[in-house]
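Visitor: Whatever this is, show me its structure:
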Amino acid sequence: MCRAGRRDERGAAVPEFVLVLMVLIPLVLGIAQLALVLHVRNTMVAAASDGARAAAGLGSGPADAQARAREVIRTTLADHYADDIVARETQVDGVAVIEVRIHGDVPPLGLWGPGVSLDAIGHAVRQEEP
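Guide: This is a model prediction of the structure:
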């Protein structure tokens, strides 16, 4: 009787393996997509802040902010993330600041899933001559 019970489960490993993979693969791809989005977002925020700080000094301007942000992104991420960078001088509560905005789209991993659109903004107080 023991032998008959063992024969009934023969070959059951393959369907079980397939069922487990159908759950694990989307889970792993989802975690990898989240990690990619967080990495790109953190890098874009750092580039925007660094660009704003680079342009906040005396004798610098928005063009310096764009160049610095573009340099940070191109050394860390793919070049297409550096295509949409806007830097400008503005006022926040009556204080002159440099604002850098970066927009980028993170493509989906795998065959399906939505891409993620990200925006990063960095500010730095503009230095003024005494």
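Visitor: Tell me which residues touch His123, please.
Guide: Ser49, Ala52, Val92, Val97, Ile98, Glu99, Val100 (C-beta atoms under 8 Å, 6 or more residues apart in numbering). Heads up, the C-betas are built off the backbone N, CA and C, glycines and all.
Visitor: In a strand, it, correct?
Guide: Yes - under DSSP: H, G, I helix; E, B strand; the rest coil, His123 sits within a strand.
Visitor: Would you mind measuring from it to Val23?
Guide: 44 Å (C-beta to C-beta, to the nearest Å).
Visitor: May I ask which helix or strand encompasses Ala67?
Guide: helix 62-76 (DSSP states H and E).
Visitor: Check what contacts the next helix or strand after that helix and list those residues.
Guide: Next in sequence after helix 62-76, counting helices and strands by DSSP H and E, comes strand 84-92. Strand 84-92 is contacted by residues 51-52, 55, 61-63, 65-66, 69-70, 73, 96-104, 123, 126 when judged by C-beta under 8 Å, 6+ apart.
Visitor: cutoff 7 Å now
Guide: With contacts defined as C-beta atoms under 7 Å, 6 or more residues apart in numbering, strand 84-92 is touched by 51, 55, 62, 65-66, 69-70, 96-104, 123, 126.
Visitor: Since that was my last question, I'll sign off now.
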